[in-house]
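Chemist: this is the structure alone, sequence omitted:
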């Protein structure tokens, strides 16, 4: 039997959505992604306590101000974890900028430089790193500048066509449209959970973005993210990349592959539309209630996880 996971690997690049190094070793994905919530979970695992200790010691030796110490300790912890992951996966490790900087372009660029310098200190090549940034207008503009500098970016918390278009206009390397959180919003607003994954609004969103990119020949990679069930993942077979949690990777390995699902890759090409202005972007994104609410909620959630991680260091 060809498992669903084996079939997915034939058509899409599989990325582990976790900071759990043992899970990454088990499922052997091409890339791996982390975020503040995953780092917070990792900080609670006893095996990673030496990373916490090393990060905190470095921060105390490097920074005098308590707030700066906490900030640097979190950054260095993310990098130490990322370094170990980078030694396992053959491709990229995504490391996220502090979500509290989501509306500050220059601060986001500065934080990216800090993360890259810490990776350099640890001997990890810049070519292995994706800087992960929330898909606000300010975040997209920061990514545009970083890409011009030769730093590849992963634009996350992406829910709307406007965000996807602006990211493509900015020539960012990769986007992470969130599938499960789109479904969450629709179910919370009265929709029955679909039994057919092709009727899942999150799946429909990613398929639409994928087809738009291929039709207009954008080079930005589409990586479906934030899955709630295996059906959502299987319905996106053929998407450039899919970032999947360990529990769903386990489930996919036990399912038989479904031949009927495969995204089209031979889409007729059309000229690219004019790039969105900031005004157009903000208006189009504002018109999508789901995207507006989920972007704000995601930023708040990641900021809260960041603050909880800082609290762990403060307690040390």
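Modeler: Cool, got the structure. Please read all numbers here as calculations on a predicted model, not as lab measurements.

Chemist: what's the end-to-end length of stretch 211-221?
Modeler: Using C-alpha to C-alpha, to the nearest Å, one end of stretch 211-221 lies 12 Å from the other.

Chemist: distance from the chain centre to it, please.
Modeler: On the basis of C-alpha atoms, centre = their mean, to the nearest Å, stretch 211-221 sits 19 Å off its chain's mean C-alpha point.

Chemist: over to stretch 120-135?
Modeler: 13 Å.

Chemist: in that stretch, what's buried?
Modeler: 124, 128-135 (16 or more other C-beta atoms under 10 Å). C-beta here means a position set from N, CA and C on the backbone, and glycine is covered the same way.

Chemist: residue contacts, residue 18?
Modeler: Residues in contact with residue 18 (C-beta atoms under 8 Å, 6 or more residues apart in numbering) are 24, 32, 34, 38, 245-246.

Chemist: if you could redo that for residue 131, that was the one I meant.
Modeler: The contact partners of residue 131, taken as C-beta under 8 Å, 6+ apart, are 94-95, 97, 112, 115-116, 143, 146, 151-154.

Chemist: how far away is it from residue 295?
Modeler: Applying C-beta to C-beta, to the nearest Å, the value for residue 131 to residue 295 is 18 Å.

Chemist: ok, now residue 231?
Modeler: Per C-beta to C-beta, residue 231 is found 25 Å from residue 295.

Chemist: compare the two (neighbour count), which wins?
Modeler: residue 295 (23 against 20; other C-beta atoms under 10 Å).

Chemist: report the secondary structure state of the more buried one.
Modeler: Here residue 295 is recorded as helix under DSSP: H, G, I helix; E, B strand; the rest coil.

Chemist: what pLDDT does the residue of the chain most remote from its centre get?
Modeler: Within the chain, the residue lying farthest from the chain centre (C-alpha atoms, centre = their mean) is residue 64, at 32.1 Å. Looking at residue 64, its pLDDT is 94.

Chemist: helix or strand for it, just tell me which one.
Modeler: For residue 64, there is no host helix or strand (DSSP states H and E).

Chemist: distance of it from residue 58?
Modeler: Taking C-beta to C-beta as the measure, residue 64 falls 13 Å from residue 58.

Chemist: ok, residue 137 next?
Modeler: As judged by C-beta to C-beta, residue 137 and residue 58 stand 34 Å apart.

Chemist: check residue 50 too.
Modeler: Noted for residue 50: a distance of 12 Å to residue 58, by C-beta to C-beta.

Chemist: show me which of the two is the more surrounded one.
Modeler: Using other C-beta under 10 Å as the criterion, residue 50 and residue 58 rank with residue 58 on top: 19 against 10.

Chemist: now do the contacts for that one.
Modeler: Residue 58 neighbours (C-beta under 8 Å, 6+ apart): 72-73, 76.

Chemist: that's all I had, so thanks and see you.
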